[in-house]
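Participant: coordinates for the following, if possible.
(chains A, B and C)
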Amino acid sequence: MAYHLAILLFAAPALAAIVSLVFRSPRLAEYVTSAAAITDLGVSVPMLVAIVRHGPVLALHGYAQIDALGAWVTICIAVVYALSSIYAIGYMRLLNEEVRLPLFYGLFSGFAFTMFAACVLNNAGVFWIAIELTTLISTFLVGFEREAESTEAAWKYIVVVSSGISLALLGTVLFYWGGSFILGPTYAMTWAALHRSASQVYTPLLTVSFLLVLVGYGTKAGLAPMHTWLPDAHSESPAPVSAMLSGALLNASMLGIARFLGVVDGTRTGRFAHSAVVGFGIFSFVVAALFIVRQTDVKRLMAYSSVEHIGVQALGLGFGGVLGVAGTLYHMLNHSLNKSLMFFGAGNVMRSYRTKEIGGIHSVLRRFPATGTLWLLGAVGIAGAPPFALFLSEFTILRAGFAGRYRWAAVVFVVFLIVVFIGFLSHFRAMYFDDFVQAEGPKLSGLVWRALPMWLAFVPLLVLGLWWPQHLWSIFANISSNLTGGTQ
Amino acid sequence: MILPDIALQTCQVLCVLLLAPLLQGFILKTEERVQRSRGPSPFQPYRDLWKLFHKESVEPDSASWIYWIAPIIAFTAMLIVPILIPVLTDRPLPLSDMGDMLGGGMVLTLGSFAIVLAGLDSGNVYGGIGSSRAVMLGILAEPTLILVLVGISLLAKAMLPFVVNHLLLGNISTYFSPAHIFLVLGFFALLLVETDRLPIHSSTHIEIYMIDEARVLEYSGPLLALLKWASMMKQFILYTIFCNVFLLPWGMSQLGTPLGDLGSVATLLLKFMLVALAVVVVETVQSRLRFYRYQEPLAAGFLFAVLAIISTQLI
Amino acid sequence: MFLARVNSLQASILSSLAILSLLLAFVMLGSHWLRNYVYAFAAESWLIAALSAAVGYFGGYRELYFIAALTALFRGLVLPWLLMRIIDRLQVKRELHSVLQPSSSLVLGGLLVMFAFVIANHMNRQSGTAGSVVVLALTIMLSMKFIGFLMLSVRDEAVSQILGLLVLENGIFLGSQILVPGMPMLIEIVILFDLLIVVACFGMLVRFLLVHAGTTSSRQLQRLVG
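Facilitator: Numbering: from 1, shown residues only, chains lettered A, B, ... in the order given. Have a look, this model is predicted:
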């Protein structure tokens, strides 16, 4: 059952990409992509249910394994994919790039395809290849607008991220080498095989390999100080692409870190590994908080908020235990929803006010009564306030922090959370509640397409903030124990 | 009949003394021939020295006793070094453990230092320029030289050049090991710099490029002859170290018979011809570097030395 | 294990090839002309292909011959050709070293090699010839990584940065050939093609940079700050 659902999961974006590229019709490309995305969202939830009920599924001669963790991240990615493709219909029409739109949608679906691939691949080396492919495809999405700034952002993105994940490749090779002492010179580098061999690998080798993988996939995920590409890439790309990058791609990279952390957990280097992850997490959080305070560009503000939340996820993984991992996993979904909401709002506002500067945006509520309210509530949510979902996941991670050895990190977390709250919302106060008479903006078409995803993102955010389903909790607990204990 | 050791050592010094100008003449002639002109005879430096010894010596008013002493110190230093290194024979001669490789390097540097002081002594502008540039080159080249000597000592596990010679003769895999190749390349870069070949080429009389000529600008007559001979002997010594210790350790006399020594001299000249040809080729294909870029070939030499030291630890 | 039964002659051949590749990476660090970088990279790729074939011969891994041929073809011929095309399209021929002079980068590179050696020694548990080959492979791998990152960080020109990335990948490939020659062939081949796609993407981006941003020098790409 899960196997067939997985085939559908992959076939939909592949088909959408091919159709978009072959039939050069913008309208067809738009609708095909949205249909594929909604199909994927519809398929991913039953897939998780089937995996939880019947156990992980192996495919492609063992190269692909759909386990609960992969299925969960697939849901997060599918959510963003669906919301972004609906939003893109409305947004991309504003760009006056009708001729190149099919190329955009083809790349968009290809991007989603490679991210899904990264979630289900069993082999660490092939996982790396999938991540590299996401980089290559998303570069052209980032530089889609052919402006000087976009091209510069795309260049920085590909250079920094490619060099970063080459470190991850080195780490993977060193992991393989370490394992080859125990498992023989030729073996398939599945996560299970790495689990089996990790406890017997020479400890300094294991430490160095893990650090390399952490820094490498951390570059892709946006952990500071390797985050330098993130504000540029996320702010210069078109809004649907920014949402995909922030909401989906960062989660796929954290998946890699989570799996490798699970591999070294329980070995002699496990404590150091967790400390390293906590260190990077807290550093990202602090750096992002400080940069948020001084931002002047609304999309860069959202990008730094992504860095902050990735820091939180890293903290959750580093704190460890059921609480930490569960918090991180819940955080992935909530962040995807919330960040998509924020980027959609930012895109609307940018197009309407024709500027990205916070100083140039005033009285948003006058132009956007309904979606403006959603955007403001989303901002409150992304700063971590109840009753929105991110509060629940951050609170869980805080509980994990205070329960373990890293109390200092939890204290720093709380302090800078307050900094983020104040900084982030002061920018929004300037945009919403300043007394400034703004001229009437142009009426832009496609508002339905651009507003609907915001509602679709907001409602689950509110619901999940008030109610953490018990089923989800047990799934998370299951994933947490599998991550560290190893599967078959 | 095996010659007594004292005779062998004297022969070594005499060999260096008498054959140094021949090497210089050979290099100059080959350079010119490669560039398709006729060039001077290889014995021209002898004639130059003879001419200089018969000229009168004019000293500047502001010269002090250093002016007189420096050429003598330089010349004497160059006479001491051949005692320490393998020139003719394979086995160490009695006085050769007065100093090991670092000691030999120190004596060579002493000679150069004396000439640097001489350049500063008379207060001449060009002397100052020459000395300061020479010292700058020395600062860049000395670490490389020390690291090369350290590298070769690590390879041979001894600091005597004779041990290195025997190691390379006996062990073909050491000869082709990366450490040895890097040391050869590093010392070749040093050789080019210390003997003033392009890309450094400072033995011209054009003011902007002068380094060596500037230091000796105030000298004339026999003192100038001594200085020129000293620099020619330094070149000969460096070539000897390069050939007999690093690159081509074969063909040296093992017992010390007169026939063997003559054969050793002939082989020495042959080896020098090969190295000189290589140097001339390198010179011809390059152009002079600007002064601030002199660090580049020296940095490359430094790098080779570092890589050589690491290679000795690896394999 | 292949490394457990390597003898000293094989070890010295492997070490010579590996160290010569490292030397070519230093040539890239030290020269001024963009074309020289590409030539050095091509020569380095050929050396690594030879090393791969040597490991295949000594260890009896037949599939490594195939990988060596692919490496020589793609990394040794196709990639340099693509890079030359990119260089021809640009108006720059020299790299202007504004941050670090070539001689200083050479010295810094030497120090980084020493650092890599210390780390490699720390990571090694074996002894004897196998141990020294392991340390050699790890040292060369890590030092080529460091040199690649040095090139990426202090160089202005887009082509130099691409070459820094390629040196990084070359280093990993070299290390993996010696340390894990049994790694599944699928992964090695895919990584090879992946590199090709990376360079193609870089080529397209360089064209966009020239057209839209007007320059390929990172010093002048300063519109996005903060």
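Participant: contact residues of chain C facing chain B?
Facilitator: C:8-9, C:11-12, C:15-16, C:19-20, C:22-23, C:26, C:30, C:101-104, C:106-107, C:109-111, C:113-114, C:117, C:132-133, C:135-136, C:139 (Cβ under 8 Å from any Cβ of the partner chain). Heads up, the C-betas are built off the backbone N, CA and C, glycines and all.
Participant: residue A:305 against residue A:423, yeah?
Facilitator: No. Contact criterion Cβ atoms under 8 Å: residue A:305 and residue A:423 do not qualify, at 10.0 Å.
Participant: who touches both of the two?
Facilitator: Common neighbours of residue A:305 and residue A:423, using Cβ atoms under 8 Å, 6 or more residues apart in numbering or on different chains, are residue A:292.
Participant: these two - which one has more neighbours?
Facilitator: The neighbour comparison of residue A:305 against residue A:423 (other Cβ atoms under 10 Å in any protein chain shown) goes to residue A:305, with 27 against 21.
Participant: is it true that the more buried one lies in a helix?
Facilitator: Yes. Under the criterion used here (DSSP: H, G, I helix; E, B strand; the rest coil), residue A:305 sits inside a helix.
Participant: how close does it sit to residue A:91?
Facilitator: Summarising the geometry, the distance separating residue A:305 from residue A:91, computed by Cβ to Cβ, to the nearest Å, is 20 Å.
Participant: grab the nearest non-local neighbour of residue 140.
Facilitator: I'll assume chain A. The shortest distance from residue A:140 to any residue that is not its chain neighbour, by Cβ to Cβ, 6 or more residues apart in numbering or on different chains, is 5.7 Å, and that residue is residue A:107.
Participant: actually, chain B is the one I wanted.
Facilitator: Beyond its immediate neighbours in the sequence, the residue positioned closest to residue B:140 (Cβ to Cβ, 6+ apart) is residue B:298, lying 4.3 Å away.
Participant: which parts of the stretch 351-488 of chain A are helices?
Facilitator: Along the stretch 351-488 of chain A, the segments classed as helices by DSSP state H, counting those that start in this stretch run A:364-367, A:369-382, A:389-403, A:407-432, A:447-466, A:470-485.
Participant: and the ones you listed as CSV, adding distance to residue C:157 and mean pLDDT?
Facilitator: Below are the helices of the stretch 351-488 of chain A laid out as CSV (distance: least, Cβ to Cβ, whole Å; pLDDT from 0 to 100):
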stretch, distance to residue C:157, mean pLDDT
helix A:364-367, 43, 84
helix A:369-382, 39, 91
helix A:389-403, 43, 92
helix A:407-432, 37, 92
helix A:447-466, 41, 88
helix A:470-485, 44, 83
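Participant: how about those helices, which one is nearest chain B?
Facilitator: Proximity of the helices of the stretch 351-488 of chain A to chain B was assessed by Cβ to the nearest Cβ; the nearest stretch is helix A:470-485, lying at 38.5 Å.
Participant: which SSE is the residue nearest to residue B:140 in?
Facilitator: For residue B:298, the enclosing helix or strand under DSSP states H and E is helix B:295-314.
Participant: list the helices and strands that helix packs on?
Facilitator: In this structure, helix B:295-314 packs against helix B:125-156, helix B:178-194, helix C:8-30, helix C:102-123, helix C:128-154, with contacts taken as 3 or more Cβ pairs under 8 Å, 6 or more residues apart in numbering or on different chains; DSSP states H and E.
Participant: do the second one and chain C meet at all?
Facilitator: Okay, so that is helix B:178-194. Yes. Contact of helix B:178-194 with chain C (Cβ under 8 Å from any Cβ) involves B:178, B:181-182.
Participant: looking at the residues you listed, which is nearest chain C?
Facilitator: residue B:178 (4.3 Å).
Participant: list the contacts for that closest one?
Facilitator: Applying Cβ under 8 Å, 6+ apart, one finds that residue B:178 lies in contact with B:307-308, B:311, B:314-315, C:15-16, C:19-20.
Participant: and residue A:3, by the same measure?
Facilitator: By Cβ under 8 Å, 6+ apart, the residues touching residue A:3 are A:57, A:59, A:66.
Participant: again, but for residue A:335
Facilitator: Shown in contact with residue A:335 (Cβ under 8 Å, 6+ apart): A:246-247, A:251, A:306, A:309, A:313, A:390.
Participant: ok, so of those residues, who is nearest chain B?
Facilitator: Within the set of the contacts of residue A:335, residue A:313 lies nearest chain B; the separation is 41.0 Å, counting by Cβ to the nearest Cβ.
Participant: how many neighbouring residues does that closest one have?
Facilitator: Around residue A:313 sit 28 other residues, with neighbours defined as other Cβ under 10 Å.
Participant: which pLDDT value goes with residue 152?
Facilitator: Since no chain was named, I'll use chain A. Turning to residue A:152, the model gives it a pLDDT of 87.
Participant: that's the wrong chain, I wanted chain B
Facilitator: In the prediction, the pLDDT value recorded for residue B:152 is 87.
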